[in-house]
Structures are given as C-alpha cells and as structure tokens.
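Trainee: Following is a predicted model, sequence given first.
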Amino acid sequence: MTEGPADQSPAPRDRRLRTAASYYAAYLLLGLVLTSVGPGMDALQEQTGSTKAAVGLLVVVISLGYMSGSVVGGRLYGRLEGHRVVAASLLAMALLTVTIPWLGALWLLIAIFYLVGVALGIMDVGGNTLLVWLYGGDVAPYMNALHLCFGIGAFIGPLVMNGFAAATGNAINTYWLYAALMVPVALWLARLPSPPRPAAAAEAAGSLRRALRGHALLVILISAFFFMHMGAELAFGAYITSYADDLFYSESLARVVNSMFWGGLVVGRIIAVPLALRLRAGAMLQIDLLGAGAAIALIALLPGSTAALWVGTIVLGMSIASMIPSSINYAGERMPITSQVTAVFLIGGSLGSTVLPLIVAQLYGDGAAARPEMMVYVTAVAVAAAVMLFAAMAAGTRRRKSDPVAVP
C-alpha cells in the first residue's frame, strides 16, 4: 500500500516560519554559488590562462563534489542535528570561496570547487529533507518556495558578477561577497532547533533498504529523472553564456541572457507556489515537461534567431523551475522521505550535472572549431529522456494502485 507523507513538526507556526526562512536564505546562497561557474567562465579562463574546455571541468568537479556531499549528507542527517550540519557546511564553504579570486592555478581551483560542491551537496540534502520534516503533508508550497530562493540566487548571480566586473575589473571578486554572506546565515541556523524526524522517517533512517521497501522502482525512476532534468539545467545554465556570446559577440550581454534563464526559473517558481496548492505533483511535472520540450525545440529549430534564443531561454527556465520540488513532492505522496532517500535522488541529479556538462564541454570545442549548437542538442536529448522517464513513473504508479495484492 502506498504510504503517505510524513507528519508535520509540532513546533509553533511562527517558529516553523523562522526555520523555513533560514533554509530560504541558505538556498539563495546555494543558487549564487552553484551557478557561478558559467557566467564567470571567461574570467576564470583568463585568471588561470586555460582553455574554455579546461575551465569547463570546474562545472564537472563541482557536480562531483555535490554528489559526494549528497552521499555524506544522507548519513549525517540521520545521525546529527540537521541545523548544525547545514551551518558547518556554510562556514566551510565561506572559507573555501574566499580563496577563489587569489588562485591562478587551475588544479587549485579544481580542488576548491570540488570541496565547495561537497558542502553544497550536504546543504541541498539538508534543505529538502528538513523542510519535509518541518511541514509534512503541507510541504508542497514551502518546497516550491525553497527552490524559488535557489532560482533568485541563480538569477541575480550573473548581474552581480557584471557589477563586480565593472567596479573592480574582475568578476571573480564576487566570491568575496558570497563568502561574507554565508557567515551570518550559518550563525542564524546554528541558533535554531532542528525539526524532529517524523515517525516514518525515524523508523527507516537506520536502513536505506527498509526505506526503499516496496518503492525501489519508483526511487530508481525518480533518480534517473533527476539525472536528466538537473543535468539539462546545469548544462544549459553553464554554457548559455558562451552560446549567447558566440551569437551576440558581447560577454556582458551574454551574461544577461544567462541571467534571463535563471530569471525564468524564478518566475516559474513564483508561479509554482500557488499552483502547488491546487495541482498534484504529477500534473505540475506534466506542465513542466511540455514547456521545456517546446522551449528547447524553439532554440534548436531556429538557431540563427536571437528572438527564439531569448524566448526559448526564458521559457526553458520557467519550465524547469519546479521539477526538483515537484519530483520530491511526487515521491512524498507515495513513500516516506528520509535523508537517505533524498540523497539518492540528488545523487542521480548530481550525476547528470556531472555527465551532461562534461559531454557539452567535449562537444562544444574552442575558437574556430567551436560547435555551440551541441549544447542545445544535449539539452534536447535530456528533456526527451525526462519525458519518457516520467511516463514510466506514471505507468508504474497506475499499475501499483490497480494491483489488488498491493492493498491489504
């Protein structure tokens, strides 16, 4: 029988809102940092004296670190107080990011970005899991608001980099601001009590096998779905600046196009908050996939049109906006959500965020041999695969509901 979502935390409403606000602040910073390599790629290339393909490895290593952090986080939140884990991750990330503008060797940046990715992965598992524990079955609009804050960070990041580039001559100095903002958020979180584990999550926390009992296929399909849509989001977000620069021959304008992608994501997540109160997660995902398919098809079919690029970029951002929270809500409607289950989903996403940008980096090329259209093709294939995976998820759920053996 399908199990429902976890019970809500017994904490008073105002304390839950303060706790949720601390997660939102952390996720805004997560959005600023996780998406910073794309708009800063040219500056990082100049700082290290490397090629674009070599600097593109930073997208890959931050995703590898994120995956490692997701694995570690899945275990930490089952054993330690969640807020202390998130606060420690933020402080560690502040110490790491403050060094980035001073590092001229690519191998040092690779090491730092990997460790930053570890901290981001631990934070992401924590934010998604702790919010479910905080609000239980009422989590849907709060989950969309959480990922809205990530989108806001990703949206303003390229614009902030443009400002730092104009003011200091180096966009990478933006990392000093990010590091400074992390410290007060970490101290805020450390002072708040962590939400208690719900009964279903506490019972399953000791064993991932118990948490997956009866839900293994769903977890595999949702993890693969995360692979495709998170991989597509990061591959497109990381290389849309370079793609637009090749089209417009203006780095500052290309950063604005990048910002419009994340701006579309912000708008999509604002719309998703009230929609999540009216629509089930499956319906939300259908709308998302339809919009993403139409947007990437527009860019692919009209490669020489700047209007198609602007419209397709914004619509793609809007469409991808609620896929992560809706995927987690979709799973939460059908099984108990533990930190380890959340980690499995995010490991799938971080694998996609590693593999797809790496494929784009190898196919994109440099200089006269550059093939920017390959970024569009890789994104299109990922969106098409996500559609097929969602169809398999929906079919599997229908079969389970109609199976008389599944009902006690």
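Mentor: Cool, got the structure.
Trainee: pLDDT below threshold where in the stretch 251-400 of the chain?
Mentor: Low-confidence segments of the stretch 251-400 of the chain (pLDDT under 70): 251-252, 337, 339, 365-370, 396-400.
Trainee: give me that answer again for 90
Mentor: Along the stretch 251-400 of the chain, the parts satisfying pLDDT under 90 run over 251-282, 302-307, 309-310, 320-355, 357-375, 393-400.
Trainee: Run through the helices of it in chain order.
Mentor: For the stretch 251-400 of the chain, the helices identified by DSSP state H, counting those that start in this stretch occupy 251-278, 281-301, 306-320, 323-332, 339-364, 373-402, in order along the chain.
Trainee: and if you look at the stretch 1-150 of the chain?
Mentor: With DSSP H, counting those that start in this stretch as the criterion, the stretch 1-150 of the chain has helices at 13-34, 41-48, 52-55, 57-76, 82-97, 106-135, 140-168.
Trainee: Return the mean pLDDT over the fifth one, rounded to an integer.
Mentor: Helix 82-97 shows a mean pLDDT of 94 in the predicted model.
Trainee: Return the most buried member of the helices of the stretch 251-400 of the chain.
Mentor: Neighbour counts (mean count of other C-beta atoms under 10 Å) averaged over each of the helices of the stretch 251-400 of the chain peak at helix 323-332, with a mean of 26. C-betas here are computed from N, CA, C, even on glycine.
Trainee: Figure out how far that one is from the centre of its chain.
Mentor: 13 Å (C-alpha atoms, centre = their mean, to the nearest Å).
Trainee: Stretch 299-319 too?
Mentor: On C-alpha atoms, centre = their mean, the centre of stretch 299-319 falls 21 Å from the chain's centre.
Trainee: coming back round to it: dump the helices of the stretch 1-150 of the chain into TSV; add distance to Ala384 as well.
Mentor: Shown next, in TSV, are the helices of the stretch 1-150 of the chain (distance: least, C-beta to C-beta, whole Å):
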stretch	distance to Ala384
helix 13-34	25
helix 41-48	27
helix 52-55	26
helix 57-76	21
helix 82-97	35
helix 106-135	26
helix 140-168	23
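Trainee: Pick out the shakiest of those helices, pLDDT-wise.
Mentor: Within the helices of the stretch 1-150 of the chain, the stretch with the lowest mean pLDDT is helix 52-55, showing a mean of 78.
Trainee: Which strands and helices lie in contact with that helix?
Mentor: Packing partners of helix 52-55 (3 or more C-beta pairs under 8 Å, 6 or more residues apart in numbering; DSSP states H and E): helix 41-48, helix 339-364.
Trainee: now those as TSV including distance to Gly74?
Mentor: Shown next, in TSV, are the helices and strands packed on helix 52-55 (distance: least, C-beta to C-beta, whole Å):
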stretch	distance to Gly74
helix 41-48	31
helix 339-364	3
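Trainee: Looking at the ones you listed, spot the one closest to Leu34.
Mentor: Closest to Leu34 of those, according to C-beta to C-beta: helix 339-364, at 8.8 Å.
Trainee: Report the inter-axis angle for that closest one versus helix 323-332.
Mentor: An angle of 140 degrees separates the directions of helix 339-364 and helix 323-332 when computed by axes from the mean of the first three to the mean of the last three C-alpha atoms, to 10 degrees.
Trainee: which other helices and strands contact helix 339-364?
Mentor: With contacts defined as 3+ C-beta pairs under 8 Å, 6+ apart, the packing partners of helix 339-364 are helix 52-55, helix 57-76, helix 106-135, helix 199-205, helix 208-212, helix 216-248, helix 323-332, helix 373-402.
Trainee: go again using 6 Å as the cut-off
Mentor: helix 57-76, helix 106-135, helix 216-248, helix 373-402 (3 or more C-beta pairs under 6 Å, 6 or more residues apart in numbering; DSSP states H and E).
Trainee: Let me have the helices of the stretch 1-150 of the chain in a markdown table, adding mean neighbour count and distance to Trp262 as columns.
Mentor: Converted to a markdown table, these look like this (neighbours: other C-beta atoms under 10 Å; distance: least, C-beta to C-beta, whole Å):
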| stretch | mean neighbour count | distance to Trp262 |
| --- | --- | --- |
| helix 13-34 | 20 | 8 |
| helix 41-48 | 20 | 15 |
| helix 52-55 | 18 | 20 |
| helix 57-76 | 24 | 15 |
| helix 82-97 | 22 | 19 |
| helix 106-135 | 24 | 16 |
| helix 140-168 | 22 | 4 |
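Trainee: re earlier: of the helices and strands packed on helix 52-55, give the one that comes closest to Val60.
Mentor: helix 339-364 (4.9 Å).
Trainee: The closest one: how far from the chain's middle?
Mentor: Once both centres are worked out by C-alpha atoms, centre = their mean, helix 339-364 turns out to sit 10 Å from its chain's centre.
Trainee: quick one, it and helix 106-135 angle?
Mentor: Computed by the same axes, to 10 degrees, the angle between helix 339-364 and helix 106-135 is 140 degrees.
Trainee: Helix 82-97 and helix 339-364, what's the angle between them?
Mentor: For helix 339-364 against helix 82-97, the angle by the same axes, to 10 degrees is 30 degrees.
Trainee: Quick check: which of the helices and strands packed on helix 339-364 is nearest to Tyr23?
Mentor: Ranking the helices and strands packed on helix 339-364 by their distance to Tyr23 (criterion: C-beta to C-beta) puts helix 106-135 first, at 5.0 Å.
Trainee: tell me the angle the closest one makes with helix 57-76.
Mentor: Put simply, helix 106-135 runs at 40 degrees to helix 57-76, going by the same axes, to 10 degrees.
Trainee: and helix 106-135, what other elements does it pack with?
Mentor: Using 3+ C-beta pairs under 6 Å, 6+ apart, the elements in contact with helix 106-135 are helix 13-34, helix 57-76, helix 82-97, helix 140-168, helix 339-364.
Trainee: Perfect, that will be all.
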